[in-house]
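Engineer: What shape does this take:
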Amino acid sequence: MMPGNSRESPPDIVTVDIPIHLVKRGGRKEMQQPKGAAQPRGTDNTLVKALARGLRWKRMLESGEFATIAELAEREGIASSYMIRILLLMLFSPDIVEGILDGCQVPGLTLSVMLPPIPSEWRRKMQLWSEKATGPTAHLAD
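Structural biologist: Sure, this is the predicted structure:
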């Protein structure tokens, strides 16, 4: 405001509409841009933690520290069925695991999507992983 000018000019108001939607991802809410917009990705800590646990458990079993999955699950205080599903993540191809660790997984590919029945062939796992799949739960319809 200039000296001697008793009248203030109204502030400039700018309204910006940003189309987003909220989704739950790994127990947290995440804002996502509309389809077609570039989606910045980050590492999914829930997936990374599951991979790390699976690798740790696999090593403990292979070393003979624990004789059975049931014995290890009891020591860890979790259900053996959950441990088995996490251990199955160790069967993913190295490309998928590396992509998850780099934060390059397909949007919507979460631990809860990966834990249901997983195909045994790497080619089918890659189909689940790839962006060409019709959606992160497409493998569940098989």
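Engineer: low-scoring stretches of the chain, by residue?
Structural biologist: Scanning the chain with the threshold set as pLDDT under 70 gives 1-10, 36-41, 116-120, 125, 128-142.
Engineer: Can you pull the phi/psi pair for the most centrally placed residue in the chain?
Structural biologist: Closest residue to the average C-alpha location of the chain: residue 110 at 3.4 Å, with Cα atoms, centre = their mean. With angles defined as degrees, to the nearest 10, residue 110 sits at phi -120, psi 170.
Engineer: what sits against it?
Structural biologist: 25-26, 44, 46-47, 136 (Cβ atoms under 8 Å, 6 or more residues apart in numbering). From N, CA and C alone the C-beta is placed, and that goes for glycine too.
Engineer: Tell me how far it lies from residue 53.
Structural biologist: 16 Å (Cβ to Cβ, to the nearest Å).
Engineer: Which of the three states applies to residue 12?
Structural biologist: coil (DSSP: H, G, I helix; E, B strand; the rest coil).
Engineer: Perfect, that will be all.
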